[in-house]
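Colleague: need a structure here:
(chains A, B, C, D, E and F)
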Number of protein chains: 6
Amino acid sequence: MKVGVYAGSFCPVTKGHVDAIERASKLVDNLIVVIPININKTFKISLEDRTELLKEAVKHVKNVTVCNTHLALADFCKDVKAEIIIKSIRNAVDMQYEMDMADINKSLSGIETVFLAADKKYAVVSSTFVRELAAFGKDITPYVPAHLAEKITKYFKN
Amino acid sequence: MKVGVYAGSFCPVTKGHVDAIERASKLVDNLIVVIPININKTFKISLEDRTELLKEAVKHVKNVTVCNTHLALADFCKDVKAEIIIKSIRNAVDMQYEMDMADINKSLSGIETVFLAADKKYAVVSSTFVRELAAFGKDITPYVPAHLAEKITKYFKN
Amino acid sequence: MKVGVYAGSFCPVTKGHVDAIERASKLVDNLIVVIPININKTFKISLEDRTELLKEAVKHVKNVTVCNTHLALADFCKDVKAEIIIKSIRNAVDMQYEMDMADINKSLSGIETVFLAADKKYAVVSSTFVRELAAFGKDITPYVPAHLAEKITKYFKN
Amino acid sequence: MKVGVYAGSFCPVTKGHVDAIERASKLVDNLIVVIPININKTFKISLEDRTELLKEAVKHVKNVTVCNTHLALADFCKDVKAEIIIKSIRNAVDMQYEMDMADINKSLSGIETVFLAADKKYAVVSSTFVRELAAFGKDITPYVPAHLAEKITKYFKN
Amino acid sequence: MKVGVYAGSFCPVTKGHVDAIERASKLVDNLIVVIPININKTFKISLEDRTELLKEAVKHVKNVTVCNTHLALADFCKDVKAEIIIKSIRNAVDMQYEMDMADINKSLSGIETVFLAADKKYAVVSSTFVRELAAFGKDITPYVPAHLAEKITKYFKN
Amino acid sequence: MKVGVYAGSFCPVTKGHVDAIERASKLVDNLIVVIPININKTFKISLEDRTELLKEAVKHVKNVTVCNTHLALADFCKDVKAEIIIKSIRNAVDMQYEMDMADINKSLSGIETVFLAADKKYAVVSSTFVRELAAFGKDITPYVPAHLAEKITKYFKN
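Modeller: Below is the predicted model of the structure:
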């Protein structure tokens, strides 16, 4: 049984994330979507709420589990016996950083990283953009899972 | 049973290709390494010889089959019931083109493409570089499968 | 009255070109779409046929004229009293070359170049891809103006 | 009558901005240069002073108006009936982000974005560089409008 | 006698830095490795400790001096009569920023900048990565000078 | 005594080349500018004429020698006891290829490569652009050494 890991901070989860997770889930038997706990960064949505929203967003994908971790990603993968990390790449410019991270993770724990190209429809939809739109009071419904749009909007109201 | 496809023209096969194929073979049950027949391009090594050298190069990888095809890659994947195309990316600059190709192939036949980052050791080793080195009479042994270096060198002697 | 110039070799014209020309036509009073005659390059479609197909492709856009020229682009712009060159950019990687060309054209004749980002829907649709698909006998209808698909296909049949 | 919008935080306005605004002003009948009010970011120069310095910097360009706004850029454009956003690109690396923003703004309000390549003379002159130079006590006169250099320097003195 | 300058914040010094400094030291008679004092940034390691660790890290390289400065880099170079700045580039994406900085420094003081490509072995090893690994309690020994690993680790323990 | 090598095909030599060679000549005691003989490529200007034009173009730079070679660049460097290869980079996009080449040359013969950023004034002036301008009958004087413009133009007349 092949286990894969998909990681992110999901602040907030976007339609792009959901599409990538759906596609990633087909590459493995079980996909663990994990939010690493980054103590050096502050988020407008609490870890608990991000985890909860993420669970809501992907509950229709059968072989997906959502969790969070205090471990470095390479260690987490070992712990859950994952064989691959799956990343979604929104554009070529991001690729350099991600190739470096893949290299580091491989040398730390031997884990392989594979990359999916984000669907063109979602390539511009980053969490940062959603936060900015919400801060300006714009409707974020086209960019986040429809049934979560109202909840997510509240976190970014000024 | 999951079938993957890895494609290239392999003129000649390099150590970088072999490393990528070994890694790709672990992501699927069967990996088909295919040389698409490109009638608009001429190669210093004939299709037959490229196929033969490639077979020699990866014969130690159990779940790998080598072949060539007249079909477009998206059609070939359908024919062999492959679920994913696996590409190895040597650097971020190549990524834009590959993301476009992945998008085209997905829209043509629904096939998913996943990307591996080439191992740093092999990131500079392209077939083009090997051909240039060989043309200058340089030893290409560090860059191609050791047991094939002599054979490959002959194709590029001036 | 503001005149703009949009240039390309259009071998063949794609849906991406048509979309870009429609958008460019709104930026000026008259848009001249020009095929520079490149004597150093050979094309699978003759200059006459490329011009004809292009005319067919954009005949619904009122303020657009199609022509071809032996002049360098900077000189052609002076001749037709154009104030701007309009280019469509498919991805960030192409931008460096285009910024250099814009700089050259400005220093040659003072003409300004403005860039449009290709619509995501068409960002992967280059003439090169269309030619490759057609060469493999694939249906190119989704990528070229629908009423020209049949004609265009014939040029690339092997 | 064609209205265009050029946006920035101008902290401080540079010679590169002035050159871009002069060029952009020729593409439209009226150019509105706007400073969006970003409540999540702090600036070394107050909104009022940035607006004032910008007015001083471009007062020689007849069809330019300077203002600031609480609205998202897409909404502001609707309000002032602008048809295009004009952006100046300093290098190809910035282009990916700007293409994403253009796409977002188009889907939010239908507004078109056009890009100008920054003049080579000004391509390295960002507000960030000016701030860093000023912080080290270097003369910033070559990089900002000459008659404002003294005023601007004061904001960045340590 | 040719003097060169290599600058960085070295928080912490990595094996990649040491390799680059060794290579840079061969290009000049004397190499001054300098930490510019950046009052706008906070570092997890104090200036004194960064300077000390750096001295330890490169003490085996004979023609290297380590120091820090309140001056802008261009001014520092003049002061120490340096003819060139030597930078190590980890990947092509970083190059645009560095080319701009080189241009600025040349126009400020006439100083020339030359670039070395980081050795593939060290291309992924940035100070940022080391800090992140250390924060997760990972062993950073493979990435920093071996005899300093223990000391460096302490600064990033949570 | 430090020997450096600067290589190119110089078809034709441009003002950008001359500027780069002048700057490179200051980094070493002797600079050898070499045209590798590429038997797989055809040039509009013969090897002899390219060598002659190059000599004319840089005869004002005292410590520069011009020659050509049948050897691979790494071997040539060994032969002439060069310690460094000096390359001029016109833009960040070219950097990936050049970093790969530097890596290859280092592993072949231990030779170090250093990069200079092309002066902004010359960053758009490639030999390719000069050939295209000349083919359209445009004046190339601003882009090539003034005293050679007439001679060079003749090679590209149609």
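
Colleague: drop to CA atoms for contacts and neighbour counts, all remaining ones
Modeller: OK.

Colleague: contacting residues for A:M1?
Modeller: Neighbour list for A:M1: A:D29, A:N30 [criterion: C-alpha atoms under 8 Å, 6 or more residues apart in numbering or on different chains].

Colleague: for A:C67, same thing?
Modeller: A:I32, A:V33, A:V34, A:I35, A:T51.

Colleague: for A:A20, same thing?
Modeller: Applying C-alpha under 8 Å, 6+ apart, the residues near A:A20 are A:S88, A:L116, A:A118.

Colleague: contacts for the lengthiest helix in chain A?
Modeller: Using DSSP state H, we find that the single longest helix of chain A is helix A:92-109. By C-alpha under 8 Å, 6+ apart, the residues outside helix A:92-109 that reach it are A:73-75, A:78, A:89, A:111-113, B:91-93, B:95-96, B:99, B:117, B:119-120, D:93, D:96, E:91, E:93, E:124.

Colleague: Can you get me a residue count around A:K151?
Modeller: By other C-alpha atoms under 10 Å in any protein chain shown, the residues close to A:K151 number 10.

Colleague: Centre of the chain to stretch A:86-94, how far?
Modeller: Its chain's C-alpha centre and that of stretch A:86-94 lie 12 Å apart, by C-alpha atoms, centre = their mean, to the nearest Å.

Colleague: tell me the contacts of the closest residue to chain B within chain A?
Modeller: Closest residue of chain A to chain B, C-alpha to the nearest C-alpha: A:F115 (4.8 Å). By C-alpha under 8 Å, 6+ apart, the residues touching A:F115 are A:I86, A:K87, A:S88, A:I89, B:V114, B:F115, B:L116.

Colleague: which stretches of chain A have low pLDDT?
Modeller: Along chain A, the parts satisfying pLDDT under 70 run over A:158.

Colleague: Do a quick rundown of the strands in it.
Modeller: In chain A, the strands defined using DSSP state E lie at A:3-7, A:30-36, A:64-69, A:84-89, A:112-117.

Colleague: circling back to that earlier point, give me the buried positions along the longest helix of chain A.
Modeller: Across helix A:92-109, burial judged by 16 or more other C-alpha atoms under 10 Å in any protein chain shown covers A:92-93, A:95-96, A:98-106, A:108.

Colleague: what's the answer for stretch A:119-132, then?
Modeller: Buried residues in stretch A:119-132, counted by 16+ other C-alpha under 10 Å: A:D119, A:K120, A:Y122, A:A123, A:V124, A:V125, A:S126, A:S127, A:F129, A:V130, A:R131, A:E132.

Colleague: Could you export these as a markdown table, including distance to chain F?
Modeller: Listed next are those as a markdown table, based on distance: C-alpha to the nearest C-alpha, whole Å:
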| residue | distance to chain F |
| --- | --- |
| A:D119 | 25 |
| A:K120 | 23 |
| A:Y122 | 26 |
| A:A123 | 22 |
| A:V124 | 22 |
| A:V125 | 26 |
| A:S126 | 25 |
| A:S127 | 28 |
| A:F129 | 27 |
| A:V130 | 30 |
| A:R131 | 31 |
| A:E132 | 30 |
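
Colleague: Tabulate the residues you listed (a markdown table), appending distance to B:K157.
Modeller: What follows is the buried residues of stretch A:119-132, written out as a markdown table (distance: C-alpha to C-alpha, whole Å):
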| residue | distance to B:K157 |
| --- | --- |
| A:D119 | 45 |
| A:K120 | 45 |
| A:Y122 | 49 |
| A:A123 | 46 |
| A:V124 | 49 |
| A:V125 | 51 |
| A:S126 | 51 |
| A:S127 | 54 |
| A:F129 | 55 |
| A:V130 | 57 |
| A:R131 | 59 |
| A:E132 | 59 |
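
Colleague: Among those residues, which pair sits farthest apart?
Modeller: The span of these, defined through C-alpha to C-alpha, is set by A:D119 and A:E132 at 21.5 Å.

Colleague: who touches the nearest residue to A:G137 once chain neighbours are set aside in this structure?
Modeller: Of all residues not flanking A:G137 in the chain, A:K157 sits nearest, at 7.0 Å (C-alpha to C-alpha, 6 or more residues apart in numbering or on different chains). Applying C-alpha under 8 Å, 6+ apart to A:K157 gives the contacts A:A134, A:A135, A:G137.
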